[in-house]
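Colleague: dropping a prediction and its sequence here:
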Amino acid sequence: MEFDLIEAIRARSATRREDVLLGIGDDAALLRPPPGHALAVAVDTLLEGVHFPLGTAPADIGWKALAVNLSDLAAMGATPAWALLSLSLPRADRRFVEGFLDGFMALAEPHRLALVGGDTTRGTLAVSVTVHGFVHEEQALRRSGAKPGDAIFVTGTLGDAAAGLACLDRQRDDADRLLTSAVDSRKALIERLNRPSPRVAAGQWLREVASACIDVSDGLLADLGHLCKASGVGASLDVDALPLSSALLTLFADNARDFALTGGDDYELCFTAAPEHAARIVADLARQGCGAARIGRIVAEEGVALHDADGRRVTASASGWDHFRT
Ligand code: ADP
Ligand code: MG
């Protein structure tokens with residue numbers, strides 16, 4: 001049973017790269033990293049009911065399993081190259097695997113990422129992807145480079161994925177009563193949950209200008225907190241500058257800001273840079289399509305403090321999704 005599945009996966013791993021000397025089919029892949037680069041390597045596991053809701057379409061699981069890993073490479077400023085896929089399946093489910101690969105390959109191909117190996121076992125549904133990318137060691141975007149006075153930015157919009165999850169959790173009758181505009185917004189938010197866009201091109205562009213970078217997987221407050229801790233600094237955030245989508249504002253006008261501060265799963269990049277680069281960053285990332293908003297500044301005093309556009313202190317209701325708190 002496993003052999004057929006692996007053969008199906010091998011047949012679909014379409015990306016060809018000259019640096020893959022040997023791909024799926026032997027005991028190990030043989031890969032040739034480019035001279036002078038460091039390998040950037042990351043792994044993330046997705047469990048049903050924890051990282052994606054029960055009943056998520058196989059293609060969405062495949063997309064997301066790769067997207068969350070590409071997001072880690074993006075946050076390092078690395079160029080993606082190779083992936084390993086570890087699948088644990090309750091049974092040899094060919095239809096699941098084909099659907100999964102539809103989503104996985106739809107994201108792998110435009111990034112010229114080659115699937116070079118993996119492992120297939122029987123067990124509860126779990127998907128683990130390992131990605132490899134390249135970056136010059138001195139250009140890698142670390143969490144630890146932020147300095148007091150740096151401006152803080154975030155790509156895209158925040159809070160959408162968590163709001164999408166809230167939409168799925170709501171009663172069906174609720175959804176049926178929504179107006180047309182709300183139905184479209186609901187769709188857009190759920191799309192953001194199921195099909196996050198890893199900011200790979202933005203991450204590579206940022207190698208030139210950013211002083212520190214992290215991807216927002218657990219919520220802005222939590223992840224910016226990690227960046228600050230690694231840099232030995234604090235942050236002052238303007239909650240009125242948070243980039244919010246029209247879909248989020250349509251459906252969650254009252255708590256859009258809380259979603260943006262604490263909602264997980266957005267896979268945007270939060271980064272810092274000297275303030276003189278701000279205009280260029282905002283203009284160039286807008287041209288790239290994802291956009292970037294300036295949301296605050298790095299300060300010497302530790303912790304993340306929040307204020308509004310008038311400088312008044314505000315507090316957040318919670319500090320991000322924590323796997324071990326719930
Ligand atoms: P081994 O016992 O040597 O680990 P496997 O039967 O697990 O061999 O794997 C055979 C080949 O198929 C290897 O090249 C492995 O990398 C690849 N492979 C197995 N499962 C997957 C998967 N889910 N995705 C991609 N390649 C896989
Ligand atoms: Mg194996």
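Modeller: Thanks, I have the structure now. Ligands and ions are numbered 1, 2, ... in the order given.
Colleague: contacts only, for whichever residue of the stretch 201-326 of the chain sits closest to ligand 1.
Modeller: Ligand 1 sits closest to Y267 of the stretch 201-326 of the chain, with a gap of 22.5 Å, by C-beta to the nearest ligand atom. Where you see a C-beta, it was placed from the backbone N, CA and C, and this is true even at glycine. Residues in contact with Y267 (C-beta atoms under 8 Å, 6 or more residues apart in numbering) are A67, V68, S71, A161, P196, S197, P198, R199, D215, V216, S217.
Colleague: quick one: it from S217, how far?
Modeller: 6 Å (C-beta to C-beta, to the nearest Å).
Colleague: which neighbours do those two share?
Modeller: Going by C-beta under 8 Å, 6+ apart, residues that sit against Y267 and also against S217 are V68, S71.
Colleague: helix or strand: which one has T250?
Modeller: Assessed by DSSP states H and E, T250 sits inside helix 246-251.
Colleague: what residues does this protein put near ligand 1?
Modeller: 6, 9, 24-27, 85, 87, 115, 117-120 (C-beta under 6 Å from any ligand atom).
Colleague: who are the neighbours in contact with the residue in the stretch 151-300 of the chain positioned nearest to ligand 1?
Modeller: Residue of the stretch 151-300 of the chain nearest ligand 1, by C-beta to the nearest ligand atom: P198 (19.8 Å). By C-beta under 8 Å, 6+ apart, P198 lies in contact with A67, V68, L70, S71, L73, A74, L107, D215, Y267.
Colleague: dump these to a markdown table, plus pLDDT.
Modeller: Supplementary listing: those in a markdown table, determined by pLDDT from 0 to 100:
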| residue | pLDDT |
| --- | --- |
| A67 | 98 |
| V68 | 98 |
| L70 | 98 |
| S71 | 98 |
| L73 | 98 |
| A74 | 98 |
| L107 | 97 |
| D215 | 98 |
| Y267 | 98 |
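Colleague: which ones among the residues you listed map onto helices?
Modeller: A67, V68, L70, S71, L73, A74, L107 (DSSP state H).
Colleague: state the distance from the closest residue to the third one other than its chain neighbours to R91.
Modeller: By that I understand L70. Spatial nearest neighbour of L70, chain neighbours left out: P198 (3.7 Å); criterion: C-beta to C-beta, 6 or more residues apart in numbering. P198 is 30 Å from R91, where distance means C-beta to C-beta.
Colleague: got it, and L101?
Modeller: From L101 to R91 the distance is 17 Å (C-beta to C-beta).
Colleague: repeat for G36
Modeller: For G36 relative to R91 (C-beta to C-beta), the value is 46 Å.
Colleague: contact partners for A74?
Modeller: P198, R199, V200, A202, G203, Q204, D215, L269.
Colleague: the second one: how many residues sit nearby?
Modeller: By that I understand R199. By the criterion of other C-beta atoms under 10 Å, R199 has 28 neighbours.
Colleague: state the phi and psi torsions of it.
Modeller: As for R199, its main-chain torsions (degrees, to the nearest 10) stand at phi -90, psi 60.
Colleague: ok, it touching V154?
Modeller: No. Contact between R199 and V154 fails when scored by C-beta atoms under 8 Å: they sit 10.1 Å apart.
Colleague: spit out the residues that contact these two alike.
Modeller: Residues touching both R199 and V154 (C-beta under 8 Å, 6+ apart): E268, L269.
Colleague: now do the helices in the stretch 101-250 of the chain.
Modeller: Secondary structure of the stretch 101-250 of the chain (DSSP state H, counting those that start in this stretch): helices at 160-169, 172-176, 180-194, 200-206, 220-231, 246-251.
Colleague: counting contacts, what elements does the fifth one pack onto?
Modeller: The reference is to helix 220-231. Applying 3 or more C-beta pairs under 8 Å, 6 or more residues apart in numbering; DSSP states H and E, one finds that helix 220-231 contacts strand 212-216, strand 234-238, helix 256-262, strand 268-273, strand 303-307.
Colleague: tell me how far L66 lies from ligand 1.
Modeller: 12 Å (C-beta to the nearest ligand atom, to the nearest Å).
Colleague: neighbours of that residue, just the number please.
Modeller: L66 has 27 nearby residues by other C-beta under 10 Å.
Colleague: check A253 too.
Modeller: So A253, with other C-beta under 10 Å, has 9 neighbours.
Colleague: verify the assumption that it is located in a helix.
Modeller: No. Going by DSSP: H, G, I helix; E, B strand; the rest coil, the assignment for A253 is coil, not a helix.
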